[in-house]
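Novice: structural data only, the sequence is not supplied:
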């Protein structure tokens, strides 16, 4: 089973657009069974940029926006893969094992994670 992050995001964005599963599949020309499995987290999301871009367009995600980037990252993570942007960033990729090892087992609360994210953003 895949990680449900992408499915939850897809379902939420689809609902925000006021699209039923049937209507979304009609517009996107995607198989309703596949979309349902993605949303339930029982199948890996699509991995081709073409399909993800088509879905993002239907969901009214602005290319380059945080929400757009999060959509693509969620697709990678839900398939157990590192996002392409991480793989292509050699400095980040080199530091990632240390970061993950540092965070592993820390059991940070949601508030602590949010604080850490904000600190990183403030430094950029």
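Specialist: Thanks, I have the structure now. Nothing here was measured: the structure is a model prediction, and the numbers come from that model. Numbering: from 1, shown residues only.
Novice: what about the spatially most central residue of the chain, distance to residue 8?
Specialist: Centrality entry for the chain: nearest residue to the mean C-alpha point is residue 74, 1.4 Å, by CA atoms, centre = their mean. Relative to residue 8, residue 74 is positioned 8 Å away (CB to CB, to the nearest Å). No exception for glycine: its C-beta is placed from N, CA and C like everyone else's.
Novice: pLDDT below threshold where in this protein?
Specialist: 1-2 (pLDDT under 70).
Novice: how about a cut-off of 50?
Specialist: For the chain, no stretch is flagged by pLDDT under 50.
Novice: and residue 113, how many neighbours does it have?
Specialist: Other residues within reach of residue 113, judged by other CB atoms under 10 Å, total 12.
Novice: does it lie in a helix or a strand, and which?
Specialist: helix 110-123 (DSSP states H and E).
Novice: got a list of contacts for that helix?
Specialist: residue 108 (CB atoms under 8 Å, 6 or more residues apart in numbering).
Novice: for it, which positions count as buried?
Specialist: Within helix 110-123, no residue counts as buried by 16 or more other CB atoms under 10 Å.
Novice: how far away from the center of its chain is that helix?
Specialist: Helix 110-123 sits 19 Å away from the centroid of its parent chain (CA atoms, centre = their mean, to the nearest Å).
Novice: what of stretch 78-94?
Specialist: The answer for stretch 78-94 is 13 Å, by CA atoms, centre = their mean.
Novice: before we move on, what about stretch 75-90?
Specialist: Counting by CA atoms, centre = their mean, stretch 75-90 comes out at 10 Å from the chain centroid.
Novice: what do you get for stretch 54-66?
Specialist: The answer for stretch 54-66 is 12 Å, by CA atoms, centre = their mean.
Novice: following element in sequence after the helix or strand containing residue 73, please.
Specialist: Here residue 73 sits within helix 66-78, counting by DSSP H and E. Counting by DSSP H and E, the element after helix 66-78 in chain order, helix or strand, is helix 84-87.
Novice: run the angle between the helix or strand just after that following helix and helix 110-123 for me.
Specialist: Counting by DSSP H and E, the next helix or strand C-terminal to helix 84-87 is helix 90-103. Counting by axes from the mean of the first three to the mean of the last three CA atoms, to 10 degrees, helix 90-103 lies at 150 degrees to helix 110-123.
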